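1. got a predicted model here, sequence first, then my questions.
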Amino acid sequence: MVGNLNHIIDQVVKDKGIDRDVLVDALESAVLSAANKKFRNTRDLEAHFNEELGEVEVFEFVTVVDEVVDSYREIDLEEAREVDPDVEVNDSLGMMLEAGSFSRIAAQTAKQVIIQKVREAEREGVYNEFKDRVGEIVNGIVRRYERGDLIIDLGRAEALLPNREQAPRENYRQSDRVRAYISEVKMSAKGPQIILSRTHPGLLIALFKSEVPEVSEGIVEIKNAVREPGSRAKIAVTSHDIDVDPVGACVGMRGSRVQNVVTELRGERIDIIPWTPDPARFACAALAPADVSRVYIDEDGKSMEIIVPDDQLSLAIGKKGQNVRLAAKLIGWKIDIKSESRAQEEEQEESASEGAETAETETPSEVSVADDAATTAIDQQDDVDDDGAAADTEKD
């Protein structure tokens with residue numbers, strides 16, 4: 001451990017990007033560990049790096065006493081004054097040891113501690129670098145497959161692109177370049193884990209930020225984005241400048257901007273929709289290119305019933321319900337779509353049902369009235385018969 005270490009420290013700091021103080025602390029800890037191992041932890045030792053000499057110096061501290069009981073931690077006053085004439089009883093006296101006297105095993109221990117500290121510092125540095133980059137797009141190179149997951153080389157670190165975060169129909173080979181979205185950075189026992197994604201809606205937003213200056217500058221805001229990776233996506237945009245068309249800005253001249261995003265997403269179809277605070281209008285726009293006839297809203301249940309022309313029903317629903325499913329996710333409401341003919345049939349059925357209920361309610365009343373009339377007629381006839389009988393009696 002003897003020799004000028006300043007050059008080595010500077011080189012490691014430059015190559016590994018580690019803070020100099022961290023490396024110096026690692027050296028001091030390593031040398032102290034080696035010294036304690038040599039002396040079997042029987043002495044009170046401290047290690048300090050001498051910047052001028054470029055050496056780690058080890059000091060043994062003993063307590064000055066009149067009578068020595070523990071020779072490893074105490075020193076006689078007379079002997080102590082040979083080192084420091086001004087020392088007194090109960091003072092702590094530090095004496096430098098020669099680091100070169102450490103055994104080969106102790107030196108190996110020091111080496112292992114240094115390697116461990118450097119590795120820990122590297123991991124901490126990687127974590128600190130990437131923890132604030134969640135939501136960014138990074139470029140990397142495919143290194144290998146591990147059980148379907150991709151290991152991506154980002155330069156200073158390796159990242160993981162899990163199988164579940166890979167878009168359908170996207171295949172990669174070793175040494176292929178990949179652009180991916182940093183979805184999560186976490187520290188584990190094995191070091192920092194950087195999780196990438198090619199399916200996250202944030203990838204779509206980040207790509208538009210890189211392609212559309214108005215989005216990166218905040219003039220155009222992406223309110224929401226939803227995807228079915230590899231197939232179709234929808235984004236809702238609004239402009240904070242009345243002179244800027246948000247949809248036109250994202251599409252670009254002859255569709256150049258959106259086409260760059262589509263190319264990066266391997267042909268994923270993208271619908272760009274103008275955002276509005278009115279949920280009904282927003283839903284009509286979200287179902288584009290289908291036309292909408294009427295919209296019935298249930299604000300409490302956050303659901304809406306949308307009526308479309310018969311020839312627009314399949315277009316509104318989309319292949320396997322994809323269009324309406326993405327529209328519902330985009331606006332955050334439950335959507336029920338019906339054709340005009342179906343809605344008319346339901347209205348007629350409802351009207352007929354209401355009519356039947358009304359008829360059932362009114363019929364008993366009419367019968368009751370008829371029964372009352374019949375009862376009255378019988379009573380009147382009985383009265384006539386009684387009067388006739390009385391008259392006959394009087395004649396007799």
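-> All right, it came through fine. Residues are numbered from 1 along each chain as shown.

2. quick one: low-confidence residue ranges for this protein.
-> For the chain, the stretches with pLDDT under 70 are 1-4, 99-107, 109-110, 355-396.

3. helices along that one, start to end?
-> With helices called from DSSP state H, the chain shows them at 6-16, 20-38, 77-83, 104-130, 201-211, 213-216, 246-251, 256-264, 279-286, 313-317, 322-331, 340-395.

4. could those be laid out in a markdown table, adding distance to Lys234 and mean neighbour count?
-> Every C-beta, even on glycine, is put in place using the N, C-alpha and C of the backbone. Converted to a markdown table, these look like this (distance: least, C-beta to C-beta, whole Å; neighbours: other C-beta atoms under 10 Å):
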| stretch | distance to Lys234 | mean neighbour count |
| --- | --- | --- |
| helix 6-16 | 45 | 13 |
| helix 20-38 | 48 | 19 |
| helix 77-83 | 81 | 14 |
| helix 104-130 | 30 | 16 |
| helix 201-211 | 9 | 21 |
| helix 213-216 | 16 | 17 |
| helix 246-251 | 12 | 19 |
| helix 256-264 | 12 | 16 |
| helix 279-286 | 7 | 20 |
| helix 313-317 | 14 | 17 |
| helix 322-331 | 5 | 21 |
| helix 340-395 | 25 | 10 |
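
5. output the ones you listed in CSV; the columns should cover distance to Glu299.
-> Formatted as CSV, these follow (distance: least, C-beta to C-beta, whole Å):
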stretch, distance to Glu299
helix 6-16, 59
helix 20-38, 58
helix 77-83, 87
helix 104-130, 43
helix 201-211, 26
helix 213-216, 31
helix 246-251, 26
helix 256-264, 33
helix 279-286, 8
helix 313-317, 22
helix 322-331, 13
helix 340-395, 20
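
6. tell me the centre residue of this structure?
-> For the chain, Ser183 is the residue whose C-alpha lies nearest the centre (C-alpha atoms, centre = their mean; 5.5 Å).

7. beta partners of the closest residue to that one other than its chain neighbours?
-> By the measure of C-beta to C-beta, 6 or more residues apart in numbering, the closest residue to Ser183 outside its immediate chain neighbours is Ser197, 4.3 Å from it. Ser197 has these beta-bridge partners by DSSP bridges: Tyr181.

8. Ser197: neighbour count?
-> Residues contacting Ser197 under the criterion other C-beta atoms under 10 Å number 20.

9. of all the helices of the chain, which lies closest to Arg179?
-> Checking the helices of the chain against Arg179 by C-beta to C-beta gives helix 256-264 as the closest, at 6.5 Å.

10. and that closest one with helix 201-211, angle?
-> Angle of helix 256-264 versus helix 201-211, following axes from the mean of the first three to the mean of the last three C-alpha atoms, to 10 degrees, is 140 degrees.

11. my read: the residue nearest to Ser183 touches Tyr181, true?
-> Yes. With contact defined as C-beta atoms under 8 Å, Ser197 counts as touching Tyr181 (4.8 Å).

12. intersection of neighbour lists for the two?
-> The contact sets of Ser197 and Tyr181 overlap at Leu203 (C-beta atoms under 8 Å, 6 or more residues apart in numbering).

13. pretty sure the residue nearest to the centre of the chain contacts Ile195?
-> Yes. In this structure Ser183 lies within contact range of Ile195 using C-beta under 8 Å: 5.3 Å.

14. now the common contact residues for these two.
-> By C-beta under 8 Å, 6+ apart, Ser183 and Ile195 have these common neighbours: Glu165.

15. so Ala283 sits right up against Ala327, yeah?
-> Yes. Taking C-beta under 8 Å as the definition, Ala283 is a contact partner of Ala327 at 6.7 Å.

16. need the residues touching each of the two.
-> Joint contacts of Ala283 and Ala327 (C-beta under 8 Å, 6+ apart) are Ile335.

17. tabulate the CA atom coordinates of stretch 274-281 in PDB.
-> This file holds the C-alpha atoms of stretch 274-281, laid out as PDB (Å, rounded to 0.1, in the frame of the first residue of the first chain):
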ATOM      1  CA  PRO A 274     -58.600  17.800 -30.700                       C
ATOM      2  CA  TRP A 275     -59.300  17.900 -27.000                       C
ATOM      3  CA  THR A 276     -62.300  19.700 -25.600                       C
ATOM      4  CA  PRO A 277     -63.700  20.000 -22.000                       C
ATOM      5  CA  ASP A 278     -67.200  19.000 -23.300                       C
ATOM      6  CA  PRO A 279     -67.300  15.200 -22.900                       C
ATOM      7  CA  ALA A 280     -70.000  14.800 -25.600                       C
ATOM      8  CA  ARG A 281     -68.000  16.700 -28.200                       C
END
